[in-house]
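Q: Quick one, fold the following:
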Amino acid sequence: MNYTLNQLRIFLKVVQNQSVTKASEELHLTQPAVSIQLKNFQDQFEIPLTEVVGRKIYVTDFGKEIAEAAEQILQQVSTIDYKTLAYKGQLFGKIKISVVSTGKYVMPYFLAEFLKMHPGVELEMDVTNKNKVVKSLQNNEVDFALVSILPEKMKVEKINLMQNKLFLVGNMEEDFTKKKKIEDILENRPLLFRESGSGTRQTMERFIVQQDLKISKRMELTSNEAIKQAILAGLGCSIMPLIGIRKEIQNKDLQIIPLKGLPIKTDWSLIWVKGKNHNPAALAYLDYLKKEKEAIIHSKFSWYETM
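A: Numbers count the residues shown, from 1 in each chain. Here you go, the predicted model:
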């Protein structure tokens, strides 16, 4: 047998996701590249590792055993890498972060310089909706989570990174300045909502209740990007985080609709389970954030503070 560490990583990721497509996304590889490496790995065994039924991939019992062995091998390889870096006096380890979907416009800027300073630190970042983010934190699957609404039934510690501002947004087909009430604005167009479990949706619904608004037409989409494209196409308006629509506002593709009670303001908070024992890399990252977050905001988000 002549399998490679890369093949072990790819096979393990396919097993964990039970999907070539999802594995390729997490590995930042093309689907054909993952499929080729998976086939090359399988060719070294006489017993099938996986079975494809319809369009779904299933891992055989033998494949599960090989996956367990692959995970152990890769852990040992990581240990060797870490010991080498430790011997050199360098910081090493892995930081796992779960990020709510709009947080993808925020979190990378608070990570980039730290990771450049410490090349021995690995990052694993998952971008999903609020419910799944909180669940991963509850299950101790991640070190940190980035949220704009703190979980209610969970004891956490936090560091606030920056403010999150949400505005009512529409396309450029109409001048909304003469319409002062949201009911007038939405008279002939629906209000676009994120899916259930989204923090943005939760914030919108809280605003609607507080303002005692009657929304007659609504539409649900599963990502901020989908809502953005729907607004551009003229399907409706939505209350959206400013952080995700900078280019569209600057290019005058979208407009902020002035409305009493807006913007809604929350905080982007990096949270972790209270009392969690962080590894050295995670502790060093928290220390970095406390010292550098204001400089990062000033350097990367100066445009945001003026709106």
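
Q: Now find how far off-centre stretch 213-222 is within its chain.
A: 24 Å (Cα atoms, centre = their mean, to the nearest Å).

Q: First-to-last residue distance for it?
A: 23 Å (Cα to Cα, to the nearest Å).

Q: any residues touching stretch 12-31, and which ones?
A: 9-10, 33-35, 38, 50, 56-59, 63-64, 67, 70-71, 74 (Cβ atoms under 8 Å, 6 or more residues apart in numbering). Every residue, glycine included, has its C-beta placed from N, CA and C.

Q: filter the residues you listed to the buried ones?
A: Arg9, Ile10, Val34, Ser35, Leu38, Thr50, Ile57, Val59, Gly63, Ala67, Ala70 (16 or more other Cβ atoms under 10 Å).

Q: Looking at these, which is nearest Asn171?
A: Sorting those by distance to Asn171 puts Val34 at the head of the list, at 38.1 Å, by Cβ to Cβ.

Q: and the buried ones among the contacts of stretch 12-31, which of them are in strands?
A: Using DSSP state E, the members of these that fall in strands are Thr50, Ile57, Val59.

Q: Just after the host helix or strand of Leu283, pick out the following helix or strand.
A: Leu283 belongs to helix 280-300 when assigned by DSSP states H and E. Next in sequence after helix 280-300, counting helices and strands by DSSP H and E, comes helix 302-305.

Q: Counting by contacts, list what that following helix packs against.
A: Using 3 or more Cβ pairs under 8 Å, 6 or more residues apart in numbering; DSSP states H and E as the contact criterion, helix 302-305 has no neighbours among helices and strands.

Q: from the middle of its chain, how far away would that helix be?
A: With Cα atoms, centre = their mean, you get 22 Å for helix 302-305.

Q: picking up where we left off before, could you export the buried ones among the contacts of stretch 12-31 as a markdown table, including distance to Leu242?
A: Output for the buried ones among the contacts of stretch 12-31, formatted as a markdown table (distance: Cβ to Cβ, whole Å):
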| residue | distance to Leu242 |
| --- | --- |
| Arg9 | 38 |
| Ile10 | 39 |
| Val34 | 36 |
| Ser35 | 40 |
| Leu38 | 42 |
| Thr50 | 44 |
| Ile57 | 40 |
| Val59 | 43 |
| Gly63 | 46 |
| Ala67 | 43 |
| Ala70 | 44 |
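
Q: List just the nearest of these to Leu91.
A: Arg9 (22.9 Å).

Q: so what's that closest one closest to, chain neighbours aside?
A: Leaving aside its chain neighbours, Arg9 sits nearest to Leu74 (6.4 Å; criterion: Cβ to Cβ, 6 or more residues apart in numbering).

Q: go on, Ala282?
A: Closest to Ala282 by Cβ to Cβ, 6+ apart is Asp143, at 4.6 Å.

Q: Filter the contacts of stretch 12-31 down to just the ones in helices.
A: Arg9, Ile10, Ala33, Val34, Ser35, Leu38, Gly63, Lys64, Ala67, Ala70, Glu71, Leu74 (DSSP state H).

Q: I'd say Gly103 and Asp126 touch.
A: No - Gly103 lies out of contact with Asp126 (Cβ atoms under 8 Å); the separation is 10.7 Å.

Q: With neighbour numbers in mind, choose between the two.
A: When Gly103 and Asp126 are compared for neighbours, Gly103 comes out ahead with 28 against 15, by other Cβ atoms under 10 Å.

Q: how much space between the nearest residue to the more buried one once chain neighbours are set aside and Glu183?
A: Excluding the flanking residues, the one nearest Gly103 by Cβ to Cβ, 6+ apart is Leu146, at 4.2 Å. Taking Cβ to Cβ, to the nearest Å as the measure, Leu146 falls 34 Å from Glu183.
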